[in-house]
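Student: Here is my input; please provide its structure:
(2 chains, ligands or ions: 2)
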Amino acid sequence: MVDEMFDGESGQKIGKQIVLPMRKAIEISFKSLKIRFWRSMITVSSIILAIAFLSQILIGSSIIRSLKGGSKRSVEARVAAMKAMKAAIGVDDSEELIALNRDLRNLDARIEVLKEELSEAAQTEVEEPEGDETGKTGSDALAALERRVIDLHAQIKAVEDKIGAEAGAELIASNNLLIEERNRHDVLKMALEGGGGESKEAVGSASDAPQGFFAGFEARDYWLVSIALIVCFVGIVNAMLMSVTERFREIGTMKCLGALDSFIVKLFVLESMFQGSLGTFMGIILGVVLSILRAWWLYGSDNFRFFPWSGMLACMALSQAVGTLLTIVAATFPARAAARMQPVDALRAEQ
Amino acid sequence: MKQSIVRTRGVTKIYKMGDIEVHALRGIDLEVTTGEYVSIMGPSGSGKSTIFNMIGALDKPTVGKVYIEEVDVAQLDAYELAWLRCRKIGYIFQTFNIIPVMTALENVTLPMTFAGLTTDESRDKGAVLLELVGLGDRLDHKPFELSGGQQQRVAVARALANDPTLILADEPTGNLDLATGREIIDLLKKLNEERGVTVISNTHDHKMVSVSDRIVRIQDGQIERIEDTSDLNITLGSIDGETE
Ligand SMILES: Nc1ncnc2c1ncn2[C@@H]1O[C@H](COP(=O)(O)OP(=O)(O)OP(=O)(O)O)[C@@H](O)[C@H]1O
Ligand SMILES: [Mg+2]
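Tutor: Ligands and ions are numbered 1, 2, ... in the order given. This is a model prediction of the structure:
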């Protein structure tokens, strides 16, 4: 085998280098990734961090927009439901019933407070028996309040007799839900604005259903996303540039050994495609986990029902595209530049 | 009459570094015939490496022409240049230029892969070549597990991968101790004698003189003289000027 190749000596003309099949390029690039596994992992971890940052910003901003809109809409839906119920029952009776119930709840609260005070007073009485006066007025007030409660119950009974006990109970339950929802919305609003800074009217402006990806985007979101993109760009380009320039000598050596420029570029495209898609995918997972944890921590788990699951998918797809493309481009440009050099220049160009 | 494998005509190389021009070569006319063992000698900075790069088509001359087997290298397209570097010429560098992450065998089989050999074929042939340079038991060692001399042997085996007709060895012994360097020289001489491979080499070791057919002495980018060792005939090298 060795000898038959020596007939090159008989002065044959210069042939053309064969173009290796794609399969061979894939094989070599995989082997190359495998043999520098840990070095590759360092590059990949830069991509993971950059993309985790980007996707966390994208998803975080999507969550905030969605929570604002969703929570507002949920309160509005409750209000509408109440309105419909009131109309069915009769507006005056409903409002009276609601007012009575509110009074009753307030009274109950006052009675609780008073009882607490009395029991405290009773304890101090053991040591100082002069505190009798407050005790007396306290229990008098308590008795008065309890009479008011009985009175209120009678009034409520009267209204309920008029509109039907079942409808009354339903109305009150619905009203309680509305109050609960409003409280939750207020807490959320405070959490959002506390973290969000100047966007005061945001809850109102986001009340339309967010449809397109940039729907509901505000100046602050554009700012954040731009910063995230820049950080991501710099991180990935830096990582790829380093991992390619430290291989300029290898590129020069491969050219001396008869590699075509296009084959060298192909190797780097394949390697970076693999690193880019893997790193980006892991980065997105990290970003999703982080942004969900953050939203949970800041806004509570009962707001998860407003989660922008489809919007989150869009953010993930966008991050995947950005990360993979950026990685490939950032690796291919320096690799192509080195592959086009004269071999000696590539050999000399160390870092 | 033996045929010419390398011929240069008026090869000039000027490196431009800002405003300063460095004349590395000032018109080199050199002809090497098939099967010869030629040494290039000269002081540091005289342009030896530059000549190797020009002959090996690793860089372009500023002026002048390089012919490999009577084909003008400047006329070759990218595919033909790659073919030439892959199959016609074997390079050995002072700095070895072994790919550090690959094993000895992988380094040797890489040019075979570029030439289109299958994995099995190249593995068999790579093992034979490493055996030839005395590293038959080191196939799967990484370069950092090998001594400098052993790494240079890997480079020699790699240079032989596609059975080149020409081996260019620029200071193959530069980073080696005297004894190891001589082993490499002996190895090159053996290849030259047994396989008829043309060797153009460059070393500071004067022992090199004894194995060479001719010695080309370079001074300041020009051929000072060419010594023929076989009949101790000292011929004057063309000191150029007349070629373009
Ligand atoms: N890339 C370059 N840019 C600028 N000048 C260069 C470059 N390469 C070589 N030179 C210059 O060209 C001249 C010849 O260099 P060359 O490397 O050919 O010398 P050499 O004979 O191989 O020396 P040595 O024995 O030290 O290796 C030197 O003056 C050197 O400074
Ligand atoms: Mg040199």
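Student: can you tell me how far the one residue in the stretch 251-351 of chain A that gets nearest to ligand 1 sits from chain B?
Tutor: Residue of the stretch 251-351 of chain A nearest ligand 1, by Cβ to the nearest ligand atom: residue A:348 (6.1 Å). (Glycine included, C-beta is placed from N, CA and C.) Residue A:348 sits at a distance of 10 Å from chain B (criterion: Cβ to the nearest Cβ, to the nearest Å).
Student: how about the spatially closest residue to that residue that is not a sequence neighbour, what does it touch?
Tutor: Take residue A:348 and drop its neighbours on the chain: the residue closest to it by Cβ to Cβ, 6 or more residues apart in numbering or on different chains is residue A:252, 7.7 Å away. By Cβ atoms under 8 Å, 6 or more residues apart in numbering or on different chains, the contact list for residue A:252 reads A:338, A:341, A:343-349, B:97.
Student: Kindly report the same for residue A:326.
Tutor: By Cβ under 8 Å, 6+ apart, residue A:326 lies in contact with A:232-233, A:236-237, A:276.
Student: Can you pick out the most distant pair from those residues?
Tutor: Across these, the longest distance by Cβ to Cβ is 13.1 Å; it joins A:233 and A:276.
Student: In a helix, residue A:242, correct?
Tutor: Yes - according to DSSP: H, G, I helix; E, B strand; the rest coil, residue A:242 belongs to a helix.
Student: ok, it to residue B:78 distance?
Tutor: Per Cβ to Cβ, to the nearest Å, residue A:242 is found 28 Å from residue B:78.
Student: Repeat that for residue B:228.
Tutor: For residue B:228 relative to residue B:78 (Cβ to Cβ), the value is 38 Å.
Student: count of neighbours near residue B:68?
Tutor: Counted by other Cβ atoms under 10 Å in any protein chain shown, the residues lying close to residue B:68 total 21.
Student: shaky segments in the stretch 101-250 of chain A?
Tutor: A:125-136, A:194-216 (pLDDT under 70).
Student: Near chain B, which residues of it? Just list them.
Tutor: Residues of the stretch 101-250 of chain A lying near chain B by Cβ under 8 Å from any Cβ of the partner chain: A:249-250.
Student: right, and residue A:47 touches residue A:275 too?
Tutor: Yes - counting by Cβ atoms under 8 Å, residue A:275 is a contact partner of residue A:47 at 6.7 Å.
Student: quick one: common contacting residues for those two?
Tutor: Both residue A:47 and residue A:275 are in contact with residue A:327, where contact means Cβ under 8 Å, 6+ apart.
Student: Which one's more surrounded, those two?
Tutor: Neighbour comparison, residue A:47 and residue A:275: the larger count goes to residue A:47, with 29 against 25 (by other Cβ under 10 Å).
Student: Leaving out chain neighbours, which residue sits closest to the more buried one?
Tutor: residue A:279 is the one closest to residue A:47 (Cβ to Cβ, 6+ apart), at 3.0 Å.
Student: Now that neighbour: which helix or strand?
Tutor: Residue A:279 belongs to helix A:261-299 when assigned by DSSP states H and E.
Student: Centre of the chain to the next helix-or-strand element following that helix, how far?
Tutor: Following helix A:261-299 in sequence order, the next helix or strand is helix A:309-340 (DSSP H and E). Centroid separation for helix A:309-340 versus its chain: 21 Å, with Cα atoms, centre = their mean, to the nearest Å.
Student: Now the next helix or strand after helix A:309-340: average pLDDT?
Tutor: Reading on from helix A:309-340 to the C-terminus, the next helix or strand found by DSSP H and E is helix A:343-348. Per-residue pLDDT over helix A:343-348 has a mean of 92.
Student: Cool, thanks, talk later.
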